[in-house]
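Participant: build me a structure from this.
(3 chains)
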Amino acid sequence: MWVQREIMLRPRPRGFHLITADVESELPELRSLQVGLAHLFIRHTSASLTLNENASPDVRRDFESYFNVVVPEDAPFWTHTTEGPDDMPAHIKASLLGPSLSLPVSRGRLALGTWQGVYLCEHRDHGGPRSLLVTLFGEE
Amino acid sequence: MWVQREIMLRPRPRGFHLITADVESELPELRSLQVGLAHLFIRHTSASLTLNENASPDVRRDFESYFNVVVPEDAPFWTHTTEGPDDMPAHIKASLLGPSLSLPVSRGRLALGTWQGVYLCEHRDHGGPRSLLVTLFGEE
Amino acid sequence: MWVQREIMLRPRPRGFHLITADVESELPELRSLQVGLAHLFIRHTSASLTLNENASPDVRRDFESYFNVVVPEDAPFWTHTTEGPDDMPAHIKASLLGPSLSLPVSRGRLALGTWQGVYLCEHRDHGGPRSLLVTLFGEE
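Facilitator: The predicted structure is shown next:
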């Protein structure tokens, strides 16, 4: 079974956002997959995907604080500055976290750990809607 | 061919640990795969997986030193602190390195480079056993 | 359909290099894939792959500047120093960015976003040629 579908994520403020439910609700075919993988791919270079704690909103806030410090907007070495001070740091953050997630599927469900959730990492001040291309494959 | 199996990794001290042999020994089906992928997925948010040098233990020690400096426990901006000073840095390290590895399989073996080995990255002081969900698929 | 092929990348200077066209031109089978994935895997521990902006060379230059600052060659804590000052930072950079990319394939093409390109990240001063193992799979 191969299913490929674009999911448009509504615009979110800069920061880290839990989107596990948004993704699952757009993939009814998940239920008929006995074993497989779900590949999530964000088609942008200034937003990214990661997996982390799905419970405390503190964790997502601390992610935003950390990445703002480790990839500062005012670093003296940036030369790609025409698109605004948040642009080049957004590109770096996107590559540090990565554009895709491959998640195991087991008996009709994403086989995540108890505390794992999918984060949309929005690195721009005004990123707009984001396109996710999801590829689901495996054995029914 | 699709095989999916949980591998329980015994508790390891905080740091970076070579686990290539632990993984291969739990996957006898690898030998019958002509071409495919092995997807390793850690079901936790404070430990991670990466691929790096399989020879010198110095490299793994330097990984631990580096990540402790670049993700400090005493940063003033952490707000998620109730689970101990090693918790929030562990979440960040886990996302910087990532929860999964997709490794090519070729003629019955993981097709790694000569110097590549699988690291379990244990970011907590007392992480306990770690669950790895391995999905093996391809052509026999 | 499963295709697996080694692509040898010619030596490049230390830095970030756009290689999307090099990869596509070595994969004629891409055209016959309706839906699938292309898995790119670099078989080294001091070079890596990432996806980022395919337009401005400024972005790639700023990547090199950033990673040189965040993973300094003269950090006092490096102990793995026998292979030169660029070696241990190269290992760290390789794990921060990662050894592989899984790219969706749709109707005979890599389904990248408009601005996304594949980067070879060469972290050594004299890295030499680099081996990429590409695994293409999906439905015709």
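Participant: tell me the buried residues in the longest strand along chain A?
Facilitator: In terms of residue count, the longest strand belonging to chain A (DSSP state E) is strand A:130-139. Neighbour-count burial for strand A:130-139 flags A:Arg130, A:Leu132, A:Leu133, A:Val134, A:Thr135, A:Leu136, A:Phe137, A:Gly138 (criterion: 16 or more other CB atoms under 10 Å in any protein chain shown). In this view, the C-beta of every residue, glycine as well, is placed from N, C-alpha and C.
Participant: near chain C, from these?
Facilitator: A:Leu133, A:Thr135, A:Phe137 (CB under 8 Å from any CB of the partner chain).
Participant: pLDDT (mean, whole number) over the helix ranked longest in chain A?
Facilitator: Longest helix in chain A, counting residues (DSSP state H): helix A:57-70. The average pLDDT within helix A:57-70 is 98.
Participant: report the buried residues of it.
Facilitator: A:Val59, A:Arg60, A:Arg61, A:Asp62, A:Phe63, A:Glu64, A:Ser65, A:Tyr66, A:Phe67, A:Asn68, A:Val70.
Participant: ok, stretch A:111-121 next?
Facilitator: By neighbour count on 16+ other CB under 10 Å, the buried set for stretch A:111-121 is A:Ala111, A:Leu112, A:Gly113, A:Trp115, A:Gln116, A:Gly117, A:Val118, A:Tyr119, A:Leu120, A:Cys121.
Participant: mind checking which helix or strand the residue of chain A found nearest chain B is in?
Facilitator: As assessed by CB to the nearest CB, chain B sits closest to A:Gly113 within chain A, at 3.1 Å. Using DSSP states H and E, A:Gly113 falls within no helix or strand.
Participant: leaving out sequence neighbours, find the closest residue to it.
Facilitator: B:Arg43 (3.1 Å; CB to CB, 6 or more residues apart in numbering or on different chains).
Participant: near chain C, which residues of chain A are found?
Facilitator: A:2, A:4, A:39, A:41-45, A:70-71, A:75, A:77-80, A:88, A:91-92, A:94-96, A:98-100, A:102, A:131, A:133, A:135, A:137.
Participant: show me those that map onto helices.
Facilitator: Counting by DSSP H, those contribute A:Val70, A:Met88, A:His91, A:Ile92, A:Ala94, A:Ser95, A:Leu96 to helices.
Participant: surely the fourth one meets C:Glu64?
Facilitator: In other words, A:Ile92. No. If you go by CB atoms under 8 Å, A:Ile92 and C:Glu64 don't touch, sitting 11.1 Å apart.
Participant: now the end-to-end length of stretch A:10-26.
Facilitator: Using CA to CA, to the nearest Å, one end of stretch A:10-26 lies 14 Å from the other.
Participant: pLDDT on it, on average?
Facilitator: Across stretch A:10-26, pLDDT averages out at 98.
Participant: quick one: distance of it to the chain centre.
Facilitator: On the basis of CA atoms, centre = their mean, to the nearest Å, stretch A:10-26 sits 8 Å off its chain's mean C-alpha point.
Participant: residue numbers of chain A in contact with chain B?
Facilitator: Residues of chain A lying near chain B (CB under 8 Å from any CB): A:35-37, A:50-53, A:56, A:58-59, A:61-63, A:65-66, A:69-70, A:96-98, A:101-104, A:106, A:111-116, A:119, A:138-139.
Participant: could you rerun that using 6 Å?
Facilitator: Contact residues, chain A versus chain B (CB under 6 Å from any CB of the partner chain): A:35, A:50-53, A:56, A:58-59, A:62, A:65-66, A:102, A:104, A:111, A:113, A:115-116, A:139.
Participant: A:Gln4: neighbour count?
Facilitator: 22 (other CB atoms under 10 Å in any protein chain shown).
Participant: show me the contacts for it.
Facilitator: Neighbour list for A:Gln4: A:Thr135, C:Val35 [criterion: CB atoms under 6 Å, 6 or more residues apart in numbering or on different chains].
Participant: hey, what's it bridged with?
Facilitator: When assigned by DSSP bridges, A:Gln4 has beta-bridge partners A:Thr135.
Participant: gap between it and B:His80?
Facilitator: 36 Å (CB to CB, to the nearest Å).
Participant: how near is A:Val71 to B:His39?
Facilitator: Applying CB to CB, the value for A:Val71 to B:His39 is 29 Å.
Participant: more neighbours: the two, which one.
Facilitator: Per other CB under 10 Å, whichever of A:Val71 and B:His39 has more neighbours is B:His39, with 21 against 18.
Participant: picking up where we left off before, so the residue of chain A closest to chain B is in contact with B:Ile42, correct?
Facilitator: No. Counting by CB atoms under 6 Å, A:Gly113 stays clear of B:Ile42, with 7.8 Å between them.
Participant: what does stretch A:11-19 contact?
Facilitator: When contacts are defined by CB under 6 Å, 6+ apart, stretch A:11-19 is touched by residues A:Arg60, A:Phe63, A:Glu64, A:Gly117, A:Val118, A:Tyr119, A:Leu120, A:Cys121, A:Glu122, A:Asp125, A:Gly128, A:Pro129.
Participant: wait, what's in contact with the third one?
Facilitator: Spelled out, that is A:Glu64. A:Glu64 neighbours (CB under 6 Å, 6+ apart): A:Gly15, A:Phe16.
Participant: now the fifth one
Facilitator: For A:Val118, the contacting residues are A:Ile19, A:Thr20, A:Val23, taking CB under 6 Å, 6+ apart as the criterion.
Participant: the helix or strand that contains A:Leu49 vs helix A:57-70, what angle?
Facilitator: Secondary structure from DSSP H and E places A:Leu49 in strand A:47-53. Using axes from the mean of the first three to the mean of the last three CA atoms, to 10 degrees, one finds that strand A:47-53 and helix A:57-70 are set 130 degrees apart in direction.
Participant: chain center to strand A:47-53: distance?
Facilitator: 5 Å.
Participant: can I assume A:Thr20 is in contact with A:Gly117?
Facilitator: Yes. Using CB under 6 Å, A:Thr20 is in contact with A:Gly117, at 4.6 Å.
Participant: now A:Met88: how far from A:Thr135?
Facilitator: As judged by CB to CB, A:Met88 and A:Thr135 stand 30 Å apart.
Participant: sorry, that was for A:Asp74
Facilitator: For A:Asp74, the distance to A:Thr135 - CB to CB - is 39 Å.
Participant: again, but for A:Pro129
Facilitator: Going from A:Pro129 to A:Thr135 by CB to CB gives 20 Å.
Participant: poorly predicted segments of chain A, please.
Facilitator: Along chain A, segments meeting pLDDT under 70 are nowhere present.
Participant: residue of it nearest chain C, please.
Facilitator: Counting by CB to the nearest CB, chain A gets nearest chain C through A:Arg43, at 3.2 Å.
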